[in-house]
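A.B. asks: model this:
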Amino acid sequence: MSGRILVVTGTGTGVGKTVVTAALAAVATARGDRVAVLKPAQTGMGVGEPGDLADVARLVPGTTGRELARYPDPLAPDTAARRAGAPPVTPAAAADAAGELADAHDLVLVEGAGGLLVRFDTHGTLVDVAGLLAAPVLVVATAGLGTLNATELTVAALRSRELTCAGVVIGAWPATPDLASRCNLADLPTTSGVPLLGALPEGAGALAPERFATVARHSLAAELGGVWQTPQL
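C.D. replies: Okay, here's the model as predicted:
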């Protein structure tokens with residue numbers, strides 16, 4: 001493998017993983033990197049329907065996308081595969097696909113489904129994919145009440161398996177943040193023990209590509225190729 005691989009997970013479903021993945025791709029593309037996004041399992045989508053990779057391609061034209069399987073029911077991949085009578089995606093298959101993409105790209109982003117421990121097959125999760133790749137994991141979290149517990153649990157699960165957590169990014173920062181959200185800017189790195197590396201504004205996924213690239217750069221910290229700094233609220 002010649003390219004870098006970063007695994008993107010979330011503290012749950014609907015936290016903004018795809019938009020953060022697209023932002024990472026946008027920043028890397030702007031600096032001249034060849035970027036690929038791997039979605040091992042897409043659920044809740046039928047054949048021909050636009051999934052997460054379509055969103056990334058719309059926001060960051062030129063990004064290579066690869067999906068290994070999709071299942072129509074909006075469930076965990078293992079359950080959705082069983083209900084569809086289809087074979088599940090194994091962690092080994094996902095890791096192999098990421099490795100192949102890394103041979104031809106500078107950066108490969110592996111976006112999981114749901115949270116960190118959602119199962120791809122009977123036993124395997126995104127943790128196993130990251131372990132096989134020896135890749136760091138970026139955690140996407142929500143901004144408001146409840147995020148401290150969910151984020152700390154996710155980071156603790158990574159540590160218990162001796163995996164590297166690259167940091168945390170807030171997937172959708174509200175236009176009018178409440179008290180909990182404002183306090184969480186300081187509390188997230190303190191409680192999780194990993195740095196807060198950005199916050200994508202709410203609605204960023206609806207922007208045109210050029211505007212999205214600018215927003216991505218200003219929403220991700222220097223460690224991820226951007227210029228974002230924690231605001232003083």
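A.B. asks: distance of the closest residue to residue 195 other than its chain neighbours relative to residue 95?
C.D. replies: Distance criterion C-beta to C-beta, 6 or more residues apart in numbering; nearest residue to residue 195, sequence neighbours excluded, is residue 167 at 4.4 Å. C-beta: built from backbone N, CA, C; applies to glycine. Residue 167 sits 22 Å away from residue 95, going by C-beta to C-beta, to the nearest Å.
A.B. asks: can you check residue 210 too?
C.D. replies: 34 Å.
A.B. asks: mind listing what the residue nearest to residue 195 touches?
C.D. replies: Residue 167 is in contact with 138-139, 194-197, 221, 223-224, counting by C-beta atoms under 8 Å, 6 or more residues apart in numbering.
A.B. asks: would you state the helices of the protein in chain order?
C.D. replies: Using DSSP state H, the helices of the chain run over 17-30, 52-59, 77-84, 91-102, 126-133, 147-160, 179-192, 209-219.
A.B. asks: so which of those helices is the most packed in?
C.D. replies: helix 17-30 (a mean of 26; mean count of other C-beta atoms under 10 Å).
A.B. asks: that one - what's its average pLDDT?
C.D. replies: For helix 17-30, mean pLDDT rounds to 98.
A.B. asks: give the contact list for residue 161.
C.D. replies: 127, 131.
A.B. asks: distance-wise, check it relative to residue 155.
C.D. replies: The value you get for residue 161 to residue 155, if C-beta to C-beta is used, is 11 Å.
A.B. asks: quote the end-to-end distance of stretch 199-209.
C.D. replies: Chord length of stretch 199-209, first to last residue, is 18 Å (C-alpha to C-alpha, to the nearest Å).
A.B. asks: I appreciate the help and will end here.
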